[in-house]
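**Student:** pasting the structure only:
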Ligand SMILES: NC(=O)c1ccc[n+]([C@@H]2O[C@H](COP(=O)([O-])OP(=O)(O)OC[C@H]3O[C@@H](n4cnc5c(N)ncnc54)[C@H](OP(=O)(O)O)[C@@H]3O)[C@@H](O)[C@H]2O)c1
């Protein structure tokens, strides 16, 4: 619905939503057209009212990062709380 309203693909809306939420998004595709689409997210934005609608979709983290980024001795983060700045 949001993508149709904006004349964009659902993937572009998802990537742009990530940017507008302040996240770093790292799209990767093996298809030339998709790669071009994935780059085309910088010169437009999702209006606030639609952004709020998208933000109603419940979000969940796929990983807390405790296996990759947290170690009691090595690396920059000692705890999951430290990695996520206390968010989780
Ligand atoms: N995931 C990690 O933990 C991690 C960690 C460090 C670095 N990275 C880097 O982050 C980048 C992304 O990795 P990832 O693991 O998130 O990606 P991924 O799972 O390897 O691939 C992304 C998936 O999204 C699809 N896709 C991309 N653009 C699309 C579009 N516009 N429409 C529909 N489908 C689309 C791709 O399909 P098609 O190829 O068929 O288009 C692919 O199946 C990579 O460069 C990776 O090296 C990832």
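**Tutor:** Structure's in. What do you need? The shown structure was predicted, so the numbers you read here are calculated from the model rather than taken from an experiment. Residues are numbered from 1 along each chain as shown.
**Student:** Only C-alpha atoms from now on, for both contacts and neighbour counts.
**Tutor:** Fine.
**Student:** Domains in the chain, by residue range?
**Tutor:** Following automatic domain parsing, the chain resolves into domains at 2-57, 61-88.
**Student:** export those domains to JSON lines and tack on mean pLDDT, distance to the ligand and mean neighbour count?
**Tutor:** Formatted as JSON lines, these follow (pLDDT from 0 to 100; distance: least, CA to the nearest ligand atom, whole Å; neighbours: other CA atoms under 10 Å):
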{"stretch": "domain 2-57", "mean pLDDT": "96", "distance to the ligand": "3", "mean neighbour count": "13"}
{"stretch": "domain 61-88", "mean pLDDT": "90", "distance to the ligand": "9", "mean neighbour count": "12"}
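**Student:** What lies in contact with stretch 54-66?
**Tutor:** Here stretch 54-66 makes contact (CA atoms under 8 Å, 6 or more residues apart in numbering) with 17, 79, 80.
**Student:** 10 Å instead?
**Tutor:** With contact meaning CA atoms under 10 Å, 6 or more residues apart in numbering, stretch 54-66 is reached by 2, 13-14, 17, 21, 46, 48, 70, 77-81, 83-84, 88.
**Student:** Now name the helix or strand holding the residue of the chain positioned farthest from its centre.
**Tutor:** Residue farthest from the centre of the chain, counting by CA atoms, centre = their mean, is residue 73 at 29.4 Å. Here residue 73 sits in a region with no helix or strand, counting by DSSP states H and E.
**Student:** centroid residue for this protein?
**Tutor:** Short answer for the chain (CA atoms, centre = their mean): residue 18, at 3.6 Å.
**Student:** Surely that one is in contact with residue 45?
**Tutor:** No. At 11.1 Å, residue 18 and residue 45 do not qualify as touching, with contact defined as CA atoms under 10 Å.
**Student:** Skipping adjacent residues, who's closest to residue 29 in space?
**Tutor:** Of all residues not flanking residue 29 in the chain, residue 35 sits nearest, at 5.8 Å (CA to CA, 6 or more residues apart in numbering).
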